[in-house]
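Chemist: sequence and computational prediction follow.
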Number of protein chains: 2
Amino acid sequence: MSPLQLVDDLQSVLGAEHVRTDDGSRLVYGTDALKKGQPADAVVLPGTTEEVAAVVRLCAEHRIPIVPRGGGTGYTGGAVPTRGGIVISLERMNRILEIDEANLLAVVEPNVVTGDLQDAVEKVGLFYPPDPASLRQSVIGGNVAECAGGPRAFKYGTTKQYVLGLEAVLPTGEIVETGGKVVKNVVGYDLTHLLVGSEGTLAIITKVILRLVPKPPVQETLRATFPSVEAAVNAVTEIIRARVVPAAVELIDGDSLDAVANYLQTRSLAPEGTAAILLVEVDGVPAAVAEEAKRVERALVESGATEVLHARDQADREELWRVRRELSLSLKTLAPLKINHDVVVPKGRIPALFDLVRRLRGEYGLRIPCFGHAGDGNIHVNIMVDPADERQLRNAREAERVLFEGVVALEGSISGEHGIGFSKARFLPIELSADEIALMKRVKAAFDPHGILNPGKIFP
Amino acid sequence: MSPLQLVDDLQSVLGAEHVRTDDGSRLVYGTDALKKGQPADAVVLPGTTEEVAAVVRLCAEHRIPIVPRGGGTGYTGGAVPTRGGIVISLERMNRILEIDEANLLAVVEPNVVTGDLQDAVEKVGLFYPPDPASLRQSVIGGNVAECAGGPRAFKYGTTKQYVLGLEAVLPTGEIVETGGKVVKNVVGYDLTHLLVGSEGTLAIITKVILRLVPKPPVQETLRATFPSVEAAVNAVTEIIRARVVPAAVELIDGDSLDAVANYLQTRSLAPEGTAAILLVEVDGVPAAVAEEAKRVERALVESGATEVLHARDQADREELWRVRRELSLSLKTLAPLKINHDVVVPKGRIPALFDLVRRLRGEYGLRIPCFGHAGDGNIHVNIMVDPADERQLRNAREAERVLFEGVVALEGSISGEHGIGFSKARFLPIELSADEIALMKRVKAAFDPHGILNPGKIFP
């Protein structure tokens, strides 16, 4: 049966206005931040969990592929069709249902924008730490499906650490609840954390129970410049040796700084002759922050920082962070295409990762600015390419594979934040053994015996 | 084929001295802290992952049940046979393989005693927070299999939050690795956290990579006495409202205090006429601890504490904690059998849980002292019974079911720490729907198609 033959049934479940088959919708919902994908056959916008389940049961009966979609901000094509089918956009399910101050939790529908939830809980002195760069566009359901990270993950962990429970619709149409409102729960298997990061291939998330923490009352940001990446990474080691866990430790390399200087036509944010800068943020109660900032400064200076700047008030902190925020647009001035990877290595091996990138730059003649979350060893490696230049594109594709092989050899992972989606599926065997992939496929089949949910993702 | 016919093959794999079929071994390895179970047919003691895999392959071929076993300290019979078969004791795999200060992680074999690991990492200024009461007997592999908790879980989380990666042997004999040495890893499904808390029913854990954190330099303990459980729980709410996250918040009720007084023949640790005491511990850098202790004291006093004691040095802190440590032996003076449950409710609902327990005491004429981790809402409800008294035993069994139903109605869970094992399997449908149990069974079959690994556990 073709998906279009289902349209009448879908309309009778959802109402005609929530089933879209026009070319515009099919295209818009057929792409995400990766800018690749295939048009959907149809797009549906359910408003309730029961409606999601009804759509899934219809599709399951007729073996029609379904693709769940949140904010559509993913970098690996997780939310777009690869072989047609029906996109289930959860955009109408966007309410914060509950903020429970006494029990430090929130209950939300999947399409609450992450930044909106943060604002709402901060108003009552609470804090939802995960902060993906897309936090003003991406949504909690998508963050859960991809296990979104961000700079604060070093101290606070990723989305995984904040998901207490889920309501989800299985690809066979049943509605299940996993976990719940308590942090401790050891009854049966932890399906909650199996669903986190499963990229919409196991179930469609329709409700999320999130753990909150008290909002740290003060922050202090330090920016240090270094003559080498090694010195900057040593500083991270020294900070850890001083037993400080900063909220964020961001590293930006010289190539990235040059791009910022070029884009802004000034070196004010990106000092000349600097091989790397570190942005370090500590947070907590005032007395602890003052003490920790002192220890961080000592570690930075002792590791060879040529300059250390401090900022405690919001405006000054934002100015120090500005270089990080300008990065994305700045890199676009280097080449039209950014092949954007989010590899991760044990943090002590970041220098080895940079050695590898240096080698790739030389061997393949590519510009590869790098920046990222040094505390986690999670570095964004951006291979900049002019797609009109076929040789460059081929070199970039080779460099990408060598990068992934090198990262795995360093006991790292080919993705720390963006997931596999369909764009990295072919690289999965670099990191996972055939036995491990076979096991994951058996788990997939336990949830989705007909293989209709988000097909073409994760597995090669 | 009977398990005994495998003995020759097992001996040729492991050496004769590591295969035991004497009655003593069969009995000892046929029981754990639950004091129930069936004798093993044989007990094997592999020394390496490859040996574990070889044993599993032999058993898989002949469809012989296998039961993995760590410290044997579980309360729900997770590590004992229910229908014979071969116990795989991991006691020879007990080495700390690596403590990596720069990357804040440890790599251990499964049978490292939890307290030994804590001691080893604290020597270098690091900290492994999970602290089950059994920490001097239980082992990391068992803690991972059961997702062990403890008092510090409120601030630091349970074992789950510290497991970065695993090596495990599947019930079909393959050796797999999950996760790894990086905190961020979103490549494929999160099998690591599916294995945590799976009670040895999905795979046999042979290596664990654990995340460590800096050791908090100072602690301060406060003990407050209250005229009612409600006042004590209100104090917890006030502490949270003051945006303090203590390392531990332990509540001990009046019945438990009376037992301690009775056991020690003095009221020195358990003041007369007290309905509940709270033990609160804050930790961190000195300035923050001083500030937080002040806020905690204010919250305690404002909630009606009749007395608040402080302790900062180790000896004084131990004296305040002594009442908690004496509890276990004290309760035994009340009745020979302790039916020991570890229910959990959202912490704002602890008063409702105590109301329920009060009703059970009245209706069933039972002594039910309660204590536990108030910050998590995880309360140990101890139904004290003389097993010679059949009517009392029957009442206790009824009370147990009413307790579990009540806890689930309060949006809680029937187990926050001890797991299901075989002793609670019949209660699983109180908490999980038929669809949820069916899904978990499909996941089990994805790992264990022949159903040979730890049969009779979790599922009714």
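Modeler: Nice, thanks for sending it over. Bear in mind the structure is a predicted one, so any value in this text is a computation, not a measurement.

Chemist: make it CA atoms for all contacts and neighbour counts henceforth
Modeler: Fine.

Chemist: any stretches of the stretch 301-450 of chain A with poor pLDDT?
Modeler: For the stretch 301-450 of chain A, no stretch has pLDDT under 70.

Chemist: around chain B, pick out the residues from it.
Modeler: The stretch 301-450 of chain A comes close to chain B at residues A:344-348, A:376-378, A:411-420, A:428, A:433, A:435-436, A:439-440, A:442-443, A:446-447, as judged by Cα under 8 Å from any Cα of the partner chain.

Chemist: give me the buried entries from these.
Modeler: Buried by 16 or more other Cα atoms under 10 Å in any protein chain shown: A:344-348, A:376-378, A:412-420, A:428, A:436, A:439-440, A:442-443, A:446-447, out of these.

Chemist: inside strands: which ones of these?
Modeler: A:V344, A:N378 (DSSP state E).

Chemist: next step: the residues of the stretch 301-450 of chain A next to chain B restricted to helices.
Modeler: A:L428, A:D435, A:E436, A:L439, A:M440, A:R442, A:V443, A:A446, A:F447 (DSSP state H).

Chemist: for the second one, give me its contacts.
Modeler: Think A:D435. By Cα atoms under 8 Å, 6 or more residues apart in numbering or on different chains, the contact set of A:D435 is B:E174, B:V176.

Chemist: so which bits of the stretch 51-200 of chain A are right by chain B?
Modeler: Counting by Cα under 8 Å from any Cα, the stretch 51-200 of chain A sits next to chain B at A:101-103, A:125, A:146-147, A:149, A:157-158, A:161, A:174, A:176-177, A:180-191, A:193-198.

Chemist: isn't A:V176 right up against A:L170?
Modeler: Yes - between A:V176 and A:L170 there is a contact at 7.3 Å, judged by Cα atoms under 8 Å.

Chemist: quick one, which of the two is more surrounded?
Modeler: When A:V176 and A:L170 are compared on other Cα atoms under 10 Å in any protein chain shown, the one with more neighbours turns out to be A:L170, at 23 against 20.

Chemist: all helices of the stretch 301-450 of chain A, in order?
Modeler: Using DSSP state H, counting those that start in this stretch, the helices of the stretch 301-450 of chain A run over A:314-331, A:350-364, A:390-409, A:428-431, A:434-447.

Chemist: JSON lines please, covering the ones in helices among the residues of the stretch 301-450 of chain A next to chain B and showing distance to B:L360.
Modeler: Formatted as JSON lines, those follow (distance: Cα to Cα, whole Å):
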{"residue": "A:L428", "distance to B:L360": "55"}
{"residue": "A:D435", "distance to B:L360": "51"}
{"residue": "A:E436", "distance to B:L360": "49"}
{"residue": "A:L439", "distance to B:L360": "46"}
{"residue": "A:M440", "distance to B:L360": "45"}
{"residue": "A:R442", "distance to B:L360": "45"}
{"residue": "A:V443", "distance to B:L360": "42"}
{"residue": "A:A446", "distance to B:L360": "41"}
{"residue": "A:F447", "distance to B:L360": "40"}
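
Chemist: report the distance from stretch A:134-154 to the chain centre.
Modeler: Relative to its parent chain, stretch A:134-154 has a centroid offset of 5 Å by Cα atoms, centre = their mean, to the nearest Å.

Chemist: cool, stretch A:266-277 as well?
Modeler: 27 Å.

Chemist: touching it from outside, list them.
Modeler: A:223-229, A:232, A:251-255, A:257-258, A:260-261, A:320, A:322-323.

Chemist: hmm, try it at 6 Å
Modeler: Contact partners of stretch A:266-277, identified using Cα atoms under 6 Å, 6 or more residues apart in numbering or on different chains, comprise A:224-229, A:251-254, A:257, A:261, A:323.
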